[in-house]
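*Asks:* Turn this into a structure:
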Amino acid sequence: MDEERARLLRGFSPRRLPKEEYFSPGHRACQGCGPAIAIRHLLKALGPRTVVANATGCAEIISSPYPQTAWRVPWIHSAFENAAATAAGIEAAYKALMRKGRIKKEKINVVSLAGDGGTADIGMQALSGALERGHDCIFVCYDNEAYMNTGIQRSGLTPYGAATTTSPAGRVFKGQRTWKKDMPAIAAAHHIPYVATACISHLKDFYRKVLKAAEIEGPAYLHILAPCPTGWRCPPEMAVEIGRMAVECGIFPLYEVEHGVKRLTVKVRERKPVRDYIRAQGRFRHLTDEDIEFIQKRVDEEYERLLGEAEEA
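*Replies:* From the prediction side, this is the model:
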């Protein structure tokens, strides 16, 4: 990793960010797109010696309308289910070429990129296999909490109570009736070197974790909350603030698991009510006060459990 990016590990300032853009402007994302913001900063942190295997989804569709591309690093479009397998093959190929002296030995960041559907549902088997085999890759889930590209269908990471086209809010069932899969815990259960959650609202924490994932040898899993104004029914200019609210109410805590040690990296000492977060989004507008109290109780229990498990960074 070059010196400029290494300095970001010791401190963060927007003025010190690399000026190069590896995810070009002019892509076709919606206004306020959380995944586009996440990808831009992910590549700024990793730099040009990066290869991306991108599953079908929002990121692929908005960035690669033939014959154009928004990617300024090598990029491969994978099927919905096998981005992790593609990245594993890339990593193995580079390793073989370096061993045989065909190319010089250097650090190349191999990234597998997928949305919540391509991670928690369709891509779970390829992800688990890549983590189990120990490939030196970074798997990045940009979590916008539904299959947004195909019309806002629920996924395994759609939160309880959210209305989608396949979990509509009705008289009997008020939106999604299951809780989000705990994907960071599933990844950590593979005993890989590094797992972390991140959010586009907390860039200092975001950059530190991306850089750490790149420097650690072996598999790394990054789970990034990336609000989708279109699917979440919120104003585009509120995307980053909605992410901040998710962190501050405890519904999306920021932590890392490094070699089995869990650390809370952003501790919210006075958490805000879940109600503030929910009422800012149209996908939850059908929920009653009783429904919100039920969600608040679950969030409180999960956050307290995390505090009991984690050290403070």
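*Asks:* Centre-most residue in this protein?
*Replies:* Residue closest to the average C-alpha location in the chain (CA atoms, centre = their mean): Ile224, at 2.3 Å.
*Asks:* That residue: what's it in contact with?
*Replies:* Neighbour list for Ile224: 38, 42, 140-143, 197-200, 206 [criterion: CB atoms under 8 Å, 6 or more residues apart in numbering]. The way it works is simple: take the backbone N, C-alpha and C, and place the C-beta from them, glycine included.
*Asks:* Swap in 10 Å and give it another go.
*Replies:* Listed by CB atoms under 10 Å, 6 or more residues apart in numbering, the contact set of Ile224 reads 34-35, 37-39, 41-42, 113, 140-144, 196-200, 206, 209-210, 243, 252.
*Asks:* did I read that right, it in a helix?
*Replies:* No. Checked against DSSP: H, G, I helix; E, B strand; the rest coil, Ile224 lies outside a helix; its state is strand.
*Asks:* what are the ranges of the strands in the chain?
*Replies:* Here the chain has its strands, by DSSP state E, at 50-55, 75-78, 109-115, 138-143, 194-199, 220-225, 254-258, 261-266, 311-312.
*Asks:* Give the rounded mean pLDDT of the helix or strand immediately after the third one in the chain.
*Replies:* Right, the one you point to is strand 109-115. As assigned by DSSP states H and E, the chain's next helix or strand after strand 109-115 is helix 116. The average pLDDT for helix 116 rounds to 97.
*Asks:* Likewise for stretch 251-260?
*Replies:* pLDDT averaged over stretch 251-260 gives 98.
*Asks:* List the buried residues for stretch 115-128?
*Replies:* Buried residues in stretch 115-128, counted by 16 or more other CB atoms under 10 Å: 115-124, 126-127.
*Asks:* what is the residue nearest to the centre of the chain paired to in the beta sheet?
*Replies:* Tyr142, Ala198 (DSSP bridges).
*Asks:* separation between it and Leu211?
*Replies:* 14 Å (CB to CB, to the nearest Å).
*Asks:* and if you look at Met124?
*Replies:* Met124 is 27 Å from Leu211, by CB to CB.
*Asks:* So which residues of the chain form helices?
*Replies:* 3-7, 34-46, 58-63, 83-99, 116, 124-133, 183-188, 203-215, 229-232, 239-248, 274-279, 289-309 (DSSP state H).
*Asks:* which one of the ones you listed is the most hemmed in?
*Replies:* helix 116 (a mean of 28; mean count of other CB atoms under 10 Å).
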